[in-house]
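Asks: Predicted model and sequence follow; I will ask about them next.
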Amino acid sequence: MKNDKTCGEVREWLANSREDSSLRPPERLAEHLSACDNCHAYRDALDALPQLFGALRRNQPPADLFNRLQAKANEPFQEEPRPFKNLEPAKPAAGPRVPLFLRAAAGLLGFFVVTASLPERTGKQQEQGVSSGTAELFTQLDRDLLHSPRLDSTPERELLAHLNRLNEKK
Amino acid sequence: MTSNETLTLDANALASLRSGQARGLEQCYRVYGARVYRICRNLLPQNTDAEDATQEVFLKVMERIGQFEGRASFSTWLHRIAVNHCLNRIEKERRRQTSALDDSLPDSRPSPSEASALAEGNERFESFLRRLPPMQRAVLVLREVEQMSYTEISEALEIPEGTVMSRLARGRERLASMLIHRKGESDSRCAS
Ligand SMILES: [Zn+2]
């Protein structure tokens, strides 16, 4: 009764219909199935699968596996909290180290500019001298600091950029 | 615990896991440990890989719990991590051994330890299962061993349900053929 084409059809039908036991094969395939030993053996093999898979369901992890997992989870806690790193609030990225004298210079500059801008707001008293001195100092610092590749998004640089804008307005 | 129960992690356990408490990991392992272990064991080429892989999956769950948004169920999310972890391991191993293996069937040849495992029933069946392409194997394991629904499998593997069904059918066909072939071999040995 072996007929490769029909055997193929029967096997495909059997494999596709495993999930629904109420399905019955078309008559032509049913006839073939009842007479073909190969297709019979194939159906028996398919029927055996649930039991074989069922045996795999009994596999259990070794009893000490959780203890080993727990040890691994705790391990990195000492230095770096690896498992929980995503839960921690992000720390601000550390900027490049800026020498103390540059920080002091920027601070001083800030002081000058704030002082210089006050008279403008309050009535433009004695602003000329201070503003022009500031502008000079600013130009110097701007050259030295603002374009330095070592300074990237430091507070000093932000302050200088702000001052630059103020200076341009004037 | 039988695997056809719907496994769920209650809200308290999930909160513990999110806040990094050891209790959260313990509860998560208690609910999913055996299933994750079986998935790893049935997907990876060697039984011994399953223990390491199970631990790695739970460590990943802890690392990524902050990214779990609750759009899928926790269970789906965890299964996805487990299966992807195994598939990645298989892929890495395949690349490592690429000159020795057939690309279309990544681990179709039994390893020496598998060859000796062919001796007895379940182990023989496990070795047949491992000869299937990894994604076909994953679908079969989630359906037949873990008894998950088509929808759960489709969500966990991020493939359409139709693909789940066709992979199941093709996987069963190949396993049945291997069983018949094996039986034929042993019958012919008995006859000679
Ligand atoms: Zn036939």
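Replies: Great, that's in hand. Remember, predicted model here, so these are calculated numbers, not experimental data. Numbering: from 1, shown residues only, chains lettered A, B, ... in the order given.

Asks: what residues are up against B:G70?
Replies: For B:G70, the contact set (CB atoms under 8 Å, 6 or more residues apart in numbering or on different chains) is empty. For every residue, glycine as well, the C-beta is placed using N, CA and C.

Asks: Quick one, grab the pLDDT at it.
Replies: pLDDT recorded at B:G70 is 86.

Asks: Need the three-state assignment for the residue of chain B found nearest the ion.
Replies: Closest residue of chain B to the ion, CB to the ion: B:I180 (11.8 Å). State at B:I180, reduced to three classes by DSSP: H, G, I helix; E, B strand; the rest coil: helix.

Asks: which residues of chain A score low on pLDDT?
Replies: Chain A contains residues with pLDDT under 70 at A:1-2, A:76-164, A:166-170.

Asks: Give me the domain ranges for it.
Replies: According to automatic domain parsing, chain A comprises the domains A:4-56, A:127-170.

Asks: Give me the three-state assignment for B:T8.
Replies: Here B:T8 is coil, with the state taken from three-state DSSP.

Asks: now the closest residue to it other than its chain neighbours: how far from chain A?
Replies: Spatial nearest neighbour of B:T8, excluding adjacent residues (CB to CB, 6 or more residues apart in numbering or on different chains): B:S75 at 6.4 Å. The gap separating B:S75 from chain A is 17 Å, by CB to the nearest CB, to the nearest Å.

Asks: and B:S75, what does it touch?
Replies: Contacts of B:S75 by CB under 8 Å, 6+ apart are B:6-9, B:32, B:152.

Asks: mean confidence for stretch B:139-155?
Replies: Averaging pLDDT along stretch B:139-155 gives 95.

Asks: near chain B at all, stretch A:44-56?
Replies: Yes - judged by CB under 8 Å from any CB of the partner chain, stretch A:44-56 and chain B are in contact via A:45-46, A:48-50, A:52-53, A:55-56.

Asks: Now, those residues that are in strands?
Replies: The members of these all map outside strands under DSSP state E.

Asks: Name the member of the residues you listed with the most neighbours.
Replies: Using other CB atoms under 10 Å in any protein chain shown as the neighbour criterion, A:A45 leads those with 22 neighbours.

Asks: Can you name the residues of chain A that neighbour chain B?
Replies: So chain A meets chain B at A:11-12, A:15-16, A:18-19, A:41-42, A:45-46, A:48-50, A:52-53, A:55-57, A:59-62, A:65-66, A:68-70, A:72-74, A:81-87 (CB under 8 Å from any CB).

Asks: Filter these down to the buried ones.
Replies: Buried by 16 or more other CB atoms under 10 Å in any protein chain shown: A:11, A:15-16, A:18, A:42, A:45-46, A:49, A:52-53, A:56-57, A:59, A:61, A:65-66, A:69-70, A:72-73, A:83-84, out of the residues of chain A next to chain B.
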